[in-house]
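Chemist: Give me coordinates for this.
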Amino acid sequence: MDSVVITFLGCLCALALLGDPQGALDVHLPVNELPEHLRWRLRSWQADAHEQLGQTTEAAHLYAEAAHLSTGLNRAVMLQEQAALLLQQGDPAGAKRALDGARPLYPDALQSEDDGLNLATWHYLRAQAQLNLGQPDAALDAIREADRLERQYGDPSYGVALVRGQVMTHLGQTEQAISTFEEALKLASDADRPYANHELGVALLDLDRPLEAREKLEEVLLVPDYPFHPEVLADIAECDY
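Modeler: Model (predicted):
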């Protein structure tokens with residue numbers, strides 16, 4: 001491979017990893033000048049840069065291209081990245097199609113912790129797609145499997161706990177949902193806490209526990225950049241009523 005191409009590829013990778021996504025995208029490097037085993041990585045780095053910039057449509061297209069250029073578990077991971085963005089965009093059917101393409105790429109016997117955690121992510125994304133497609137029972141099976149795999153190959157995560165609580169809420173299992181949201185709250189980062197508190201507050205409200213619900217919802221209002229303040233205010237009004 002030409003030394004100039006190597007230099008440009010290294011520069012693009014470094015900028016993407018150092019948090020300069022626009023700088024990474026400004027590096028012009030035609031994919032056909034790379035050997036086949038690096039082409040999907042280029043598209044993956046470019047997709048990540050677009051995602052950092054909030055350009056999710058472009059990122060989803062590039063992850064799809066990265067999947068097309070890769071094989072095996074690399075392809076599965078790229079399809080899962082695409083599916084996550086399609087879920088953000090409100091396209092659960094598209095996410096399900098991407099996930100349907102990813103699952104057969106996993107071997108029957110997982111080879112490493114990374115494989116196990118990637119498969120946990122597959123089930124986590126699958127649960128979200130099924131929930132949004134009106135299939136809460138199937139979503140519950142998927143999120144339970146995600147939780148099992150996380151505990152087998154790593155540690156339980158905030159995201160899996162939160163989705164498990166959401167699925168239980170949809171199934172009317174509100175008591176179990178509350179304990180699951182409380183678990184999510186313990187695992188949450190500072191950025192994730194308002195989302196967990198909001199879900200917990202709504203679940204408490206559904207169980208006619210308005211004082212506890214209001215306490216959780218008021219915590220959410222203390223976070224100025226939480227994007228769902230109008231909904232929180234409406235929930236607080238219901239508590240007061």
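Chemist: Just want the most central residue of the protein.
Modeler: residue 84 (5.1 Å; Cα atoms, centre = their mean).
Chemist: pLDDT weak spots in this protein?
Modeler: The model of the chain has pLDDT under 70 over residues 1-10, 12, 29-31.
Chemist: Wait, the residue nearest to the centre of the chain touches residue 122, no?
Modeler: No - using Cβ atoms under 8 Å, residue 84 makes no contact with residue 122, being 10.6 Å away. For the C-beta atoms, the positions are set from N, CA and C on the backbone; glycine is no exception.
Chemist: neighbours of residue 196, just the number please.
Modeler: 26 (other Cβ atoms under 10 Å).
Chemist: Kindly list the main-chain dihedrals of it?
Modeler: phi -70, psi -40 (degrees, to the nearest 10).
Chemist: how far away is it from residue 179?
Modeler: Using Cβ to Cβ, to the nearest Å, residue 196 is found at 13 Å from residue 179.
Chemist: likewise residue 46?
Modeler: For residue 46, the distance to residue 179 equals 42 Å [Cβ to Cβ].
Chemist: Specify which residue of the two has the higher count of neighbours.
Modeler: Using other Cβ under 10 Å as the criterion, residue 46 and residue 179 rank with residue 46 on top: 24 against 14.
Chemist: contacting residues around the residue nearest to that one when sequence neighbours are not counted?
Modeler: Computed as Cβ to Cβ, 6 or more residues apart in numbering, the closest residue to residue 46 that is not its neighbour in sequence is residue 62, at 5.2 Å. Contacts for residue 62 (Cβ atoms under 8 Å, 6 or more residues apart in numbering) come out as 43-44, 46-47, 50.
Chemist: In the longest helix along the chain, which residues are buried?
Modeler: Scanning the chain for the longest helix, with DSSP state H as the assignment, gives helix 113-132. By neighbour count on 16 or more other Cβ atoms under 10 Å, the buried set for helix 113-132 is 115-132.
Chemist: ok, now stretch 49-58?
Modeler: Those would be 49-52, 55-56, 58, for stretch 49-58 by 16+ other Cβ under 10 Å.
Chemist: now it, how far from the chain's geometric center?
Modeler: 14 Å (Cα atoms, centre = their mean, to the nearest Å).
Chemist: List of residues touching it?
Modeler: 15-16, 19, 21-22, 24-25, 47, 59, 62, 85, 88-89.
Chemist: In CSV, list those along with secondary structure and distance to residue 103.
Modeler: CSV is the format used below for the contacts of stretch 49-58 (DSSP: H, G, I helix; E, B strand; the rest coil; distance: Cβ to Cβ, whole Å):
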residue, secondary structure, distance to residue 103
15, helix, 33
16, helix, 28
19, coil, 32
21, helix, 30
22, helix, 35
24, helix, 31
25, helix, 31
47, helix, 21
59, helix, 22
62, helix, 22
85, helix, 18
88, helix, 21
89, coil, 21
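Chemist: How about residue 219: what's its closest non-neighbour residue?
Modeler: Nearest non-adjacent residue to residue 219, counting by Cβ to Cβ, 6+ apart: residue 197, 5.0 Å away.
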